[in-house]
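Q: Everything below, folded, please.
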Amino acid sequence: MSPVVGFDLDMTLIDSRPGVAATYRALTELTGVQVDAEVAVSRLGPPLRHEISQWFPADQVDAAVEQFRSLYPRYAVGPTLPMPGAVAALELVRKRGGRVVVVTSKLGRLARLHLDHLRLPVDEVAGDLFAEGKAAALREYAVQLYVGDHTADMVAARTAGIPGLGVASGPCSAAELRSTGAAAVIDDLTGFPAAADALLRLAW
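A: Down below sits the predicted model:
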């Protein structure tokens, strides 16, 4: 049986911190509302609205989210790079006849900008999903293993009834990933081949 592997995007497949920080600085310049860009990018993972609400009054959050998204293609895509081992991990899934599904809290169209710019080999993208909300997409695409850097990704995998492979390359520690149900934890995606062999040995 060919494997179907799901991946989170930010801080799992791509290091979007420089570009996202640049977008927050542009948002500050546009709106006059001070956002500490470095603090904001240190906790990537939850939906954009959650972070924006930390800086903007409640009645300005919707507008700020739309302004951020309008600025995003200009400021965020160019500076973003693949995480260590990301390209090799995706190519390995494809080489073994599998499919790659990206399931992310980022809007699908913005996620696609990164994937296309970096020419990352991905079959499907499901966006604007978080924690348990990701489980529906994992089931829809028959994902057998979900790889992510956030505790919410491990919750998603557990909710979908599949193993979660934690990657300690984002805001969550290895201990935090394990405590939320990670079947295994690796430092970065250079450890993906061995971990995937162990977790998908029946389907790989």
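Q: Within the helices and strands, which one has residue 129?
A: Take DSSP states H and E as the rule and residue 129 turns out to sit in neither a helix nor a strand.
Q: surely it meets residue 140?
A: No. Contact criterion CB atoms under 8 Å: residue 129 and residue 140 do not qualify, at 10.7 Å. C-beta coordinates here come from the backbone N, C-alpha and C atoms, glycine included.
Q: okay, the two: which has more neighbours?
A: Using other CB atoms under 10 Å, the more surrounded residue of residue 129 and residue 140 is residue 129, with 20 against 13.
Q: Tell me how far the residue sitting furthest away from the middle of the chain lies from residue 69.
A: In the chain, the residue that sits farthest from the middle, by CA atoms, centre = their mean, is residue 32; the gap is 28.7 Å. According to CB to CB, to the nearest Å, residue 32 stands 19 Å off from residue 69.
Q: Flag every buried residue along the helix or strand bottoming out on mean pLDDT in the chain.
A: When each helix and strand of the chain is scored by mean pLDDT, DSSP states H and E, helix 192-199 comes last, with a mean of 94. Neighbour counts over helix 192-199 (16 or more other CB atoms under 10 Å) mark 192, 195-196, 199 as buried.
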